[in-house]
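A.B. asks: I would like the atomic coordinates for the input below:
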Amino acid sequence: MKKNHLIPCLTLLLSGSLMAQTVATVNGDKIDSSTVEAVVKNLRRQNQQLPDSPELRNEVTRRLAISAAVAQEAKKLKLDQSAQYKQAVEKARAAAKKEGADKQPSFKQDWALYETDLLNQAYFANVVRQNPVSDTETKQAYDRLNSHYQGSQEVQLGEIITRNGSDAQKALGELKSKKSFKEVAAKYSADPRAKQSGGIGAGYIPLKDLQQANPPVYQAVGSLKKGAYTASPLQDNNGNFAIFYVNDKRNIQVPPFDQIKNRIANDLQQERIARAVDGVVQKADIRPAR
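C.D. replies: Numbers count the residues shown, from 1 in each chain. Next comes the predicted model:
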């Protein structure tokens, strides 16, 4: 399996079951299609715009495989024998019994996912415990961050997404006639949320980050001044057209070290966890079903 980065843990409430088929094995342990199906249904309940697709099911299977490999590693390290882990299990079982969840048909599947998630958490905590982030490392990371953003700018962007080029050109025409961006976004944006908000995001994006993450958008907006918009729409891979607007542009002010040192330390911890998970996955025997 390809090298993977840290995947958020799957603590899910599931319902229903299907005739189980093995979709993958992790060091010989099976991942059933019923589990994948239940996770997909739960994700789509949380986000109704999420399409059910082979890509989604493959991603769910991949995440379940990673989670299973990490759980197995936690057991190898005997983390499930710690007092803290046992207390968490006992507390969860008591809560399930009190609420009657243990009587539900899906409880066995729910509980297996919960235990896997708990083992993942135990493994992550152990990585941090064995590889603590020092104050010196945190300060060095802050200095690199400060140096990276020194003298650069960040932008607050507005965006109008249309389904076709004709609407994008009409929107540009109205912007050129001095209509406000919010008014034009509310009229032409295909995104219902953008219609309500006027298409302007609440946060700021460092231009250096935008340059790395999305070069075409950076090239379109990087040199624009506050109040300017892209002269022509950008087309994405899905056939949509986008017009970008610079609502604000300012120099980046990196907060003082004391204000963000905890966040930096946490980021460094997450990086160490991610590397540890990568190592677990690389040595695991993960096989898709044939």
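A.B. asks: could you use CA atoms for every contact and neighbour count after this?
C.D. replies: OK.
A.B. asks: so where is the chain shaky, pLDDT-wise?
C.D. replies: 1-20 (pLDDT under 70).
A.B. asks: quick one: furthest residue from the center of it?
C.D. replies: Largest separation from the mean C-alpha position in the chain: residue 177, at 39.2 Å (Cα atoms, centre = their mean).
A.B. asks: quick one: the strands in the stretch 1-150 of the chain, in order.
C.D. replies: 22-26, 29-32 (DSSP state E, counting those that start in this stretch).
A.B. asks: for the stretch 151-290 of the chain, same thing?
C.D. replies: Going by DSSP E, counting those that start in this stretch, the stretch 151-290 of the chain shows strands at 153-162, 205-206, 234-235, 241-251, 286-288.
A.B. asks: could you list every helix and strand in contact with the third one?
C.D. replies: Helices and strands in packing contact with strand 234-235 are listed as strand 241-251; criterion 3 or more Cα pairs under 8 Å, 6 or more residues apart in numbering; DSSP states H and E.
A.B. asks: and of the strands of the stretch 151-290 of the chain, who's closest to residue 270?
C.D. replies: strand 205-206 (21.8 Å; Cα to Cα).
A.B. asks: residues contacting that closest one, please?
C.D. replies: Contact with strand 205-206 is made by 152, 153, 154, 155, 156, 157, 252, as judged by Cα atoms under 8 Å, 6 or more residues apart in numbering.
A.B. asks: partners of it in the sheet?
C.D. replies: Strand 205-206 has the following strand partners under DSSP bridges: strand 153-162 (antiparallel).
A.B. asks: so the strand it pairs with versus strand 241-251, what angle?
C.D. replies: 160 degrees (axes from the mean of the first three to the mean of the last three Cα atoms, to 10 degrees).
A.B. asks: now do strand 153-162: distance to the chain's middle.
C.D. replies: Mean-position distance between strand 153-162 and its chain equals 21 Å (Cα atoms, centre = their mean, to the nearest Å).
A.B. asks: hmm, back to that, from the contacts of strand 205-206, list the buried ones, please.
C.D. replies: The neighbour-count test (16 or more other Cα atoms under 10 Å) marks 153, 154, 155, 156, 157, 252 as buried among the contacts of strand 205-206.
A.B. asks: for the residue farthest from the centre of the chain, give its distance to residue 171.
C.D. replies: For residue 177, the distance to residue 171 (Cα to Cα, to the nearest Å) stands at 10 Å.
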